[in-house]
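> Generate a structure from the sequence data that follows.
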Amino acid sequence: MFKYQFFPSIKSITELSQSSNMRFMQFRAHDKYALHLSKMEKREKERGSHISYMFRLPFAAGSVFSASMLDTLLYQAFVKDYMITFVRLLLGVDQAPGSGFLTSPRRSLELQMRITKDDMWIRTYGRLYQKLCSTTCEIPIGIYRTQDTTVSDTSHCKSKCFFRWIDRQNFLFASTR
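Residues are numbered from 1 along each chain as shown. Have a look, this model is predicted:
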């Protein structure tokens, strides 16, 4: 867990035996965003939800997973024949006939879409999907949004948002700068 402090550029995947320990990954004391996240997780737990850890950045980035997720995936692979093929397609290991392709994220960093006041009508994933399909002929399959930790207001990201393309044909990554 201290890898993130001493070696932040090293990429690794970590399996946690308890999903609640995900809160200690990339831990920073006195971080307003982390405090906001912990309050949101507490509300989710009070509602009886077991997926509060999904809001943590390491989980959303794919660098941390829980053992219970792997157990669920193994059971689903046993029950459903197509699950292994589906996961391989999802990870980009295999390609379906006529599908898009994955490219390197390094090449695509030059492609950015700034959100201006004219784009404030977007607000929802559905409208973003509509805009991207009609203007750039690209289909986003996911958005990853972070909050600026230096700003005390954790509401909508307003004009600080920008979209970074992971893959021109499949993925969209959104964050605040």
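> from here on, contacts and neighbour counts on C-alpha atoms
Will do.
> so where's the longest helix in the chain?
As assigned by DSSP state H, the longest helix anywhere in the chain is helix 32-46.
> CA atoms of it as CSV?
Taking C-alpha atoms only, helix 32-46 is exported to CSV below (Å, rounded to 0.1, in the frame of the first residue of the first chain):
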residue,chain,number,x,y,z
LYS,A,32,-11.1,17.0,1.1
TYR,A,33,-12.0,14.7,-1.7
ALA,A,34,-11.1,11.5,0.3
LEU,A,35,-13.3,12.9,3.2
HIS,A,36,-16.2,13.4,0.8
LEU,A,37,-15.7,9.9,-0.5
SER,A,38,-15.7,8.4,3.0
LYS,A,39,-19.0,10.2,3.8
MET,A,40,-20.5,8.9,0.6
GLU,A,41,-19.4,5.4,1.3
LYS,A,42,-20.8,5.6,4.8
ARG,A,43,-24.2,6.6,3.4
GLU,A,44,-24.0,3.6,1.0
LYS,A,45,-23.2,1.2,3.8
GLU,A,46,-26.1,2.6,5.8
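> From the contact counts, what lies against it?
For helix 32-46, there is no helix or strand it packs on, judged by 3 or more CA pairs under 8 Å, 6 or more residues apart in numbering; DSSP states H and E.
> avg pLDDT for it?
Across helix 32-46, pLDDT averages out at 79.
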